[in-house]
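Trainee: missing the sequence, but the structure's below:
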């Protein structure tokens, strides 16, 4: 790697609210760490940073930056890795285009994103941009499996200070609707490769012509390789039927997808929904819409922006909309619907929020209503369906008495669907897709039609075995009920079970684990935590993502407070800080009112773990003192209600950082293991306490007025620092 001076801890530069919070929190972390001889550096994995690093030949020397994501990708394969990874934007096309436009306005001569690349140059540019879309970051960094759980201090606080839950009633009309067939779940096939192999994916037309969709695939021995497809015809029929049925029932229509992480398949599915919603408009004006550059995959918002000056099309849209059921709204005040932007409604955030709210969604009238939650594919929809049915029958979860669901997730080395982007295709013509090994063996074959969405995913042997061992270790450490969320009747899951059972048997622990399909595992887990007991959900990659939002949002009100430890397979540590969720709304609030309600509790939890990992891996005694003191400070923030308020005029994110720094300094000063550290932090703790009134007032004075960050995706660091560090008194003590 180009930089041999790797910091002891790397703190990632990201986007939106977490990055704004970093402008306030990171100087505190670096100040405290330096006193212990610990270096804390940064690496840029933000959307803007990834764009800039991908096009150096278009930029001036001063504008060029290194490819920090690639550097981190190499670092996480080493024992030296100690990375605190904040939530970054997994960009949809509209977000990517908006970021490019902002950078161009700042003087970066980047090429436009080619919506319909025609020349070889345009195709090359599009390929570079497409590599930045979606989950470009996580598969690179996650060279280990996931151990996610609520930190003890956070869980204790949530039980002592339960958040508000919406009321569930047995007569709620809220439901989950999914395809009866023709989806990814029903068409899946799976095989485990006994030997290392290369493969290609080819589309064979009816006349025998072969089109290679992907060549040069390489898999080590023991890899589980899946293939499946979603029928475009079945999807369109399903969406049209659900729109009609929603109107008959009088509920809201809502679509719940993951168009950021599943950056090829889900935007296409989203586009089918936009097309189904405006079917008469596309039937009458399809050619004209195409000529205007309309791509339904980009959402209703982009479509409306392109046709707003065409009175005939606008009238047709209004006429169709009047006949449709009311739609679930992202922002009813601004008229932003569920179908406006693919990245606005992310299933793992939208569904838990709706469930926590008693099954209610916001309608265009600004009121809450029961909702038809449309999740086309059945692979994971049963989790949400069973959760809704459970709460209809039993009432809402009580956070004051609920137990917790921890998660051990298989995600290392691009495991499963989230690593399938390079092997996902929208089929250009009828035929048969075959996945063929180098020796001619056909391991997967599907008859497909034009527009179908075909994909292959894989999970390697080493990550699978590491995942099972992590589950065994976690269950032994806790004694909790442990469930592998695997469906023996699903092709992929059956292959995983063939790995799981021999390992459990070999270690004599098979009696301590259960294996259940996701629907049954959902009910069992809800029954367990309702009784105040705890369970471990041992899941694949997508369920890891979904469940570590669903249960924390029910238990804690947010997933941003989760402790997320990635034990890297080669000995390093990656510490993730929770989901971004409502980060865009937080930024909007800060820009308009000067108030940032992002809660950095997830960062606090990850920081403590990172320091302790450094202590263990490098025998760094001072790091352990700092890490243990972080836990004391975190508990202080919670116990004394120092977390950010939601409204302008209340203490916000910056106030919470003042209190965190104060409690942290006091905890270090009070410890007796290291006299030098205690002596260093005692005067700081004293100054922070004595300056409380002035610091709090200076921070409050920064609110109630708009602020200028110099950009949304690529803000000005000087302007951002001025906004996020407005207390001269506090800064002088820390710096």
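Mentor: Okay, I see it. Here the structure is a predicted model, which means the values were calculated and not measured. Numbers count the residues shown, from 1 in each chain.
Trainee: quick one: average pLDDT of stretch 701-713?
Mentor: Averaged over stretch 701-713, pLDDT sits at 95.
Trainee: can you point out the buried residues in that stretch?
Mentor: For stretch 701-713, burial by neighbour count (16 or more other Cβ atoms under 10 Å) applies to 702, 703, 707, 709, 711, 712, 713. To be clear about C-beta, it is placed using only N, CA and C from the backbone, and glycine gets the same treatment.
Trainee: excluding chain neighbours, what is closest to residue 444?
Mentor: Setting aside the residues directly before and after it, residue 444 is nearest to residue 227 in space (Cβ to Cβ, 6 or more residues apart in numbering), at 3.6 Å.
Trainee: cool, residue 260 as well?
Mentor: Spatial nearest neighbour of residue 260, chain neighbours left out: residue 90 (3.6 Å); criterion: Cβ to Cβ, 6+ apart.
Trainee: so who does the one you found touch?
Mentor: By Cβ atoms under 8 Å, 6 or more residues apart in numbering, the contact set of residue 90 is 134, 135, 136, 137, 138, 260, 261, 263, 343.
Trainee: if we use 10 Å, what do you get?
Mentor: The neighbourhood of residue 90, defined by Cβ atoms under 10 Å, 6 or more residues apart in numbering, consists of 15, 47, 133-138, 258-263, 343, 346, 418, 580.
Trainee: isn't residue 627 up against residue 614?
Mentor: Yes - under the criterion of Cβ atoms under 10 Å, residue 627 is in contact with residue 614, at a separation of 7.8 Å.
Trainee: show me whatever sits in contact with both of these two.
Mentor: The contact sets of residue 627 and residue 614 overlap at residue 620 (Cβ under 10 Å, 6+ apart).
Trainee: mind checking the SS state of residue 225?
Mentor: When classified by DSSP: H, G, I helix; E, B strand; the rest coil, residue 225 comes out as strand.
Trainee: you'd agree it is up against residue 188?
Mentor: No - contact criterion Cβ under 10 Å: residue 225 and residue 188 do not qualify, at 11.4 Å.
Trainee: what touches both of the two?
Mentor: Both residue 225 and residue 188 are contacted by 444, 457, 492, under the criterion Cβ under 10 Å, 6+ apart.
Trainee: closest to residue 677 among those residues?
Mentor: Nearest to residue 677 among those is residue 457, at 48.3 Å by Cβ to Cβ.
Trainee: residues in contact with residue 619?
Mentor: Contacts for residue 619 were tallied using Cβ under 10 Å, 6+ apart; there are none.
Trainee: no, scratch that, I was asking about residue 47
Mentor: Residue 47 neighbours (Cβ under 10 Å, 6+ apart): 14-16, 88-91, 95-96, 98-100, 103, 132-133, 136-137, 713-714.
Trainee: among those, which ones are in helices?
Mentor: 16, 95, 96, 98, 99, 100, 103 (DSSP state H).
Trainee: about what we covered before: report the two of the buried residues of stretch 701-713 separated the most.
Mentor: Largest separation among those by Cβ to Cβ: 703 and 713, giving 23.9 Å.
Trainee: show me where the stretch 551-700 of the chain has its helices.
Mentor: Assigned by DSSP state H, counting those that start in this stretch, the stretch 551-700 of the chain shows helices spanning 583-593, 601-618, 621-639, 653-670, 675-690, 692-701.
Trainee: ok, the stretch 51-200 of the chain next?
Mentor: Taking DSSP H, counting those that start in this stretch to define them, one finds helices in the stretch 51-200 of the chain at 68-75, 93-105, 120-130, 138-141, 152-160, 184-187.
Trainee: looking at the ones you listed, which is nearest to residue 696?
Mentor: Closest of those to residue 696 is helix 152-160, at 21.8 Å (criterion: Cβ to Cβ).
Trainee: what's the closest one packed up against?
Mentor: If you count contacts as 3 or more Cβ pairs under 10 Å, 6 or more residues apart in numbering; DSSP states H and E, helix 152-160 packs onto strand 144-150, helix 541-556, strand 562-568, helix 601-618, helix 621-639.
Trainee: which one of these has the lowest average pLDDT?
Mentor: When the helices and strands packed on helix 152-160 are compared on average pLDDT, strand 562-568 comes out lowest at a mean of 87.
Trainee: report the contact partners of the spatially most distant residue from the centre of the chain.
Mentor: The C-alpha centroid of the chain is most remote from residue 207, which lies 43.0 Å away (Cα atoms, centre = their mean). For residue 207, the residues meeting the contact criterion (Cβ under 10 Å, 6+ apart) are residue 431.
Trainee: next up, identify which helix or strand it is on.
Mentor: Taking DSSP states H and E as the definition, one finds residue 207 inside no helix or strand.
Trainee: what values do phi and psi take at it?
Mentor: When quoted as degrees, to the nearest 10, the phi and psi of residue 207 stand at phi -90, psi 10.
Trainee: do you know the pLDDT at it?
Mentor: pLDDT, residue 207: 93.
Trainee: same question for the one 5 residues further on.
Mentor: For residue 212, the model assigns a pLDDT of 97.
Trainee: and what of residue 584?
Mentor: pLDDT for residue 584: 80.
Trainee: quick one: it and residue 343 touch, right?
Mentor: Yes - Residue 584 is within contact range of residue 343, at 9.1 Å (criterion: Cβ under 10 Å).
Trainee: quick check: neighbours shared by these two?
Mentor: Joint contacts of residue 584 and residue 343 (Cβ under 10 Å, 6+ apart) are 89, 95.
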